[in-house]
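S.K.: Output the structure for:
(chains A and B)
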Amino acid sequence: MGGTVRPAPQRGWNAWFFCIYEGGNDMFDFSSEEGRTSYRHTSSHILAQAVKRLWPDTKLAIGPAIDDGFYYDFDRDETFNKEDLEKIEDMMSKIIRENLPVERFVLPRVEARKMMEQMNEPYKVELIDDLPEDAEISFYRQGEFTDLCAGPHLESTGEVKAYKLTMVAGAYWRGSEKNKMLRRIYGTSFPDKGLLKEHLNRIEEAKKRDHNKIGRELKYFTTAECIGQGLPIMLPKGTRVLQTLIRFVEDEEIKRGYQYTRTPFLAKSDLYKISGHWYHYRDGMFLMGDTSALERGDPDADDSEIYALRPMTCPFQYHAYLNESRSYRDLPIRYAETSTLFRNESSGEMHGLIRLRQFTISEGHLICTPEQLEPEFKGALDLATYILDSVGLLEDVTYRFSKWDINNKEKYVGTAEEWEAVQDQMRRILNDLGLNYKEADGEAAFYGPKLDIQTKNVWGKEDTLVTIQIDFQQGKLFGMEYTDSDGQKKYPYIIHRTSIGCYERTLALLLEKYAGALPLWMAPEQARILPISDKHADAAKVIAADLIGKGLRVEVDLREEKIGKKIRQAQIEKAPYMLVIGDKEVEDGTLSVRSRYEGDLGTMAIDAVAEMLLREISDKIIHHQTL
RNA sequence: GCCGAUGUGGCUCAGUGGUAGAGCAAUUCACUCGUAAUGAAUAGGUCGUGAGUUCGACUCUCACCAUCGGCUCCA
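M.R.: Here you go, the predicted structure:
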């Protein structure tokens, strides 16, 4: 650290520390990516050191820094329970108090391997064996603990000021379910206790917005054990929102030149054999009929009478195209469908309304010539952007360019040349759009690369909201020719796309974003009329009928309760507007208006109330709502 | 599917090897009420399901189902 002057210590995000990495030391603060990574990386080494001190037989796997903290994977027969975590935390505190200096050193491959063998760390040996020829093999040592690690790290264990182990989970070695399941301990760390506490509080607050909790409490949906996992019952409130969203999306798509289809929910295996689903996606499908031969793996079995519920709409809509001979003059054809899909997800994967076995997607396929590919792709993205902006989710999304995995060719249809060519083409389009995206290998669909619009739920877990995919395979597989201007038969490109994604998932994310208080235009109940006493019930019913006639979603609270109680309940149930009616209002033909955001707005004429609400709805005004 | 946690009336939660309570909600009665909870009474649970251990299980064991978190997978 030759001659670097150490500034005065700072606290919080500006806390600085030196980090040791390849090539020397440098100073970073916690607000920098490098600073945070070093901080959490050293935290994970302290965790591993503590575990090794407590249970020396435990084998080490990997322990990186992640977005909000760090984890370390261990191979150990017993699970880590609550008491174990407490013991580990105590030992970590001790290691921090020991203020052990961290030291980096490099070994030639043979010696590195020998050292890890001597330390009886088979996972580390495997990691070394898989490092590229020319890689520098570095280790970090703190006290008696040495770990194979690329770094960077803090200068000393004493730099870690505040940390917390948050949970234990199973995780496959190297992320493959074919490998042994290891035991992963997650934690997080910060330069002071205040920041840690703030972070933990933020997580607690976020969980209060969990759609799975709020959506059930507010009666959007429910589930029943005897129906099954991933099969929610949408209650009237949830259904009203879905209906609102579906109408909005369908109307917008029709404006943009889409034609709607209604295709079957199931088909014979023959169809899926052509599309490739039978070979690339069968595990994800619900099959019907005699599947016993299939299960035995009998290659000569007759599976022509096996039906399957559709996991995707594509091959069905292709048959709409195939209904007549097509010319280049017909293209582009834009098919859309509000499509129910069925996927046999593994039992551990279902989550609220976010991962389901039956769901509804704003499906669509754009069938076009090579020249039309770019404008159609851009049009699809523009539509999705418009829709997501309208519901308020656009500000939360990131873009992912999902490519195939060249090392896993058997998962995909088509040749390497075709994949590389179409991916290059897609990259050009994305760059041309100036989209800020990150590339992801191995995330493509089996038939082509995708642009995924990603968002995060309250647990911080990323999910795909919308996807736009280029397919250069299925046109050919299905014989979807068109006659070009030169009289030649050609195969079209197909863009698979959604505009709002899966309606149930979008609803889930909306509930979380707005903590259950949806913007007026989407709210299942837009106003609740609250009579002061039952003397005003009849007038309330007449007004409700009037407002409902004007297109508003209105309910009346006719219970014999005090107005304070009715208001409290309407607030809790997230009614956007409360319309109080008593003697005064009946006499004047007015309503006393209360907004759940702004409180009492005073008395207004009934028509003025309707007009105000209708304007807020047509403008799709979004209130940013806290809990 | 794998690892771990959880499962008590509609909801939130107490509880103990000797066949269960509270608050909210519901129902009834009284009050006819002016911007976040009126009072009283009543009713409601084979303690997720099924086996097993036990004289006896909601409580112990096992299996299954569902919910939650993570892994894998994915819209």
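S.K.: which SSE is the spatially most central residue of chain A in?
M.R.: In chain A, the centroid-proximal residue (CA atoms, centre = their mean) is residue A:463; its distance is 1.5 Å. Secondary structure from DSSP states H and E places residue A:463 in strand A:462-471.
S.K.: Neighbouring strands - and their directions - for that strand?
M.R.: Here strand A:462-471 is paired, per DSSP bridges, with strand A:450-456 (antiparallel), strand A:493-502 (antiparallel).
S.K.: Run the chain-centre distance for the helix or strand following the last one.
M.R.: So that's strand A:493-502. Following strand A:493-502 in sequence order, the next helix or strand is helix A:503-513 (DSSP H and E). The chain centre lies 11 Å from the centre of helix A:503-513; the measure is CA atoms, centre = their mean, to the nearest Å.
S.K.: can you check stretch A:391-398 too?
M.R.: The answer for stretch A:391-398 is 12 Å, by CA atoms, centre = their mean.
S.K.: C-alpha coordinates for it, PDB please?
M.R.: Presented in PDB, the C-alpha positions along stretch A:391-398 are these (Å, rounded to 0.1, in the frame of the first residue of the first chain):
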ATOM      1  CA  VAL A 391     -49.600  -0.400 -14.400                       C
ATOM      2  CA  GLY A 392     -46.600   1.300 -12.800                       C
ATOM      3  CA  LEU A 393     -44.100  -1.600 -13.000                       C
ATOM      4  CA  LEU A 394     -41.800  -0.200 -15.700                       C
ATOM      5  CA  GLU A 395     -39.700   1.700 -13.200                       C
ATOM      6  CA  ASP A 396     -38.800  -1.500 -11.400                       C
ATOM      7  CA  VAL A 397     -37.600  -3.700 -14.300                       C
ATOM      8  CA  THR A 398     -34.300  -4.700 -15.700                       C
END
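S.K.: Identify each buried residue in it, please.
M.R.: By neighbour count with 16 or more other CB atoms under 10 Å, stretch A:391-398 contains the buried residues A:391, A:392, A:393, A:394, A:397. Just so you know, the C-beta spots here come from the backbone N, C-alpha and C atoms, and that holds for glycine as well.
S.K.: again, but for stretch A:188-200
M.R.: Judged by neighbour count using 16+ other CB under 10 Å, the buried positions of stretch A:188-200 are A:188, A:189, A:190, A:191, A:195, A:196, A:199.
S.K.: quick one: which of those residues is nearest RNA strand B?
M.R.: Proximity of the buried residues of stretch A:188-200 to RNA strand B (CB to the nearest atom of the strand) peaks at residue A:188, which lies at 13.0 Å.
S.K.: helix or strand right after the lowest-mean-pLDDT helix or strand in chain A?
M.R.: Of all helical and strand segments in chain A, the minimum by mean pLDDT, DSSP states H and E falls on strand A:16-21, at a mean of 74. Next helix or strand after strand A:16-21 toward the C-terminus (DSSP H and E): strand A:24-29.
S.K.: what packs against that next one?
M.R.: strand A:16-21, helix A:33-54 (3 or more CB pairs under 8 Å, 6 or more residues apart in numbering; DSSP states H and E).
S.K.: Could you look over the ones you listed and pick the most buried one?
M.R.: Burial of the helices and strands packed on strand A:24-29 is given as mean neighbour count (mean count of other CB atoms under 10 Å); helix A:33-54 ranks first at a mean of 23.
S.K.: For the next helix or strand after that helix, what is the distance to the chain centroid?
M.R.: With elements assigned by DSSP H and E, the helix or strand that comes after helix A:33-54 is strand A:59-60. Distance of strand A:59-60 from its chain centroid, counting by CA atoms, centre = their mean, is 31 Å.
S.K.: other SSEs contacting whatever helix or strand comes next after strand A:59-60?
M.R.: Counting by DSSP H and E, the element after strand A:59-60 in chain order, helix or strand, is strand A:65-66. Other elements packing on strand A:65-66 under the criterion 3+ CB pairs under 8 Å, 6+ apart are helix A:33-54.
S.K.: again, only this time at 10 Å
M.R.: When contacts are defined as 3 or more CB pairs under 10 Å, 6 or more residues apart in numbering; DSSP states H and E, strand A:65-66 packs onto helix A:33-54, strand A:181-190.
S.K.: Residue A:245 and residue A:471, how far apart?
M.R.: Distance, residue A:245 to residue A:471, using CB to CB, to the nearest Å: 26 Å.
S.K.: residue contacts, residue A:36?
M.R.: Residues near residue A:36 by CB atoms under 10 Å, 6 or more residues apart in numbering: A:13, A:28, A:29, A:30, A:65, A:67, A:68, A:69, A:70, A:189, A:190, A:191.
S.K.: quick one: which of those residues has the most company?
M.R.: residue A:189 (29 neighbours; other CB atoms under 10 Å).
S.K.: pretty sure that one contacts residue A:43?
M.R.: Yes: if you go by CB atoms under 10 Å, residue A:189 and residue A:43 touch, sitting 4.0 Å apart.
S.K.: closest one to RNA strand B among the strands paired with strand A:462-471?
M.R.: Closest approach to RNA strand B among the strands paired with strand A:462-471 (CB to the nearest atom of the strand): strand A:493-502, 3.5 Å.
S.K.: Tell me what angle the closest one forms with helix A:503-513.
M.R.: For strand A:493-502 against helix A:503-513, the angle by axes from the mean of the first three to the mean of the last three CA atoms, to 10 degrees is 50 degrees.
S.K.: on contacts alone, who are the packing partners of the helix or strand that contains residue A:475?
M.R.: Using DSSP H and E, residue A:475 falls within helix A:474-477. Helix A:474-477 is packed against helix A:269-275, helix A:314-321, strand A:358-368, strand A:493-502, with contacts defined by 3+ CB pairs under 10 Å, 6+ apart.
S.K.: per-residue confidence for residue A:4?
M.R.: Reading off the confidence values, residue A:4 has pLDDT 57.
S.K.: make that residue A:36, sorry
M.R.: On the pLDDT scale, residue A:36 is placed at 89.
S.K.: how about the helices and strands packed on strand A:65-66 in TSV, adding distance to RNA strand B?
M.R.: Formatted as TSV, the helices and strands packed on strand A:65-66 follow (distance: least, CB to the nearest atom of the strand, whole Å):
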stretch	distance to RNA strand B
helix A:33-54	15
strand A:181-190	4
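S.K.: From residue A:509, how far out is the closest residue to residue A:14 other than its chain neighbours?
M.R.: Distance criterion CB to CB, 6 or more residues apart in numbering; nearest residue to residue A:14, sequence neighbours excluded, is residue A:29 at 5.2 Å. For residue A:29, the distance to residue A:509 equals 33 Å [CB to CB].
S.K.: Sort out for me which of the buried residues of stretch A:391-398 are in strands.
M.R.: Taking DSSP state E, every one of the buried residues of stretch A:391-398 sits outside strands.
S.K.: Out of those residues, name the ones that lie in helices.
M.R.: Residues of those located in helices (DSSP state H): residue A:391.
S.K.: Give me the pLDDT value at the spatially closest residue to residue A:526 that is not a sequence neighbour.
M.R.: Ranked by CB to CB, 6+ apart and with sequence neighbours excluded, the top spatial neighbour of residue A:526 is residue A:553, at 4.5 Å. Note on residue A:553: pLDDT of 97.
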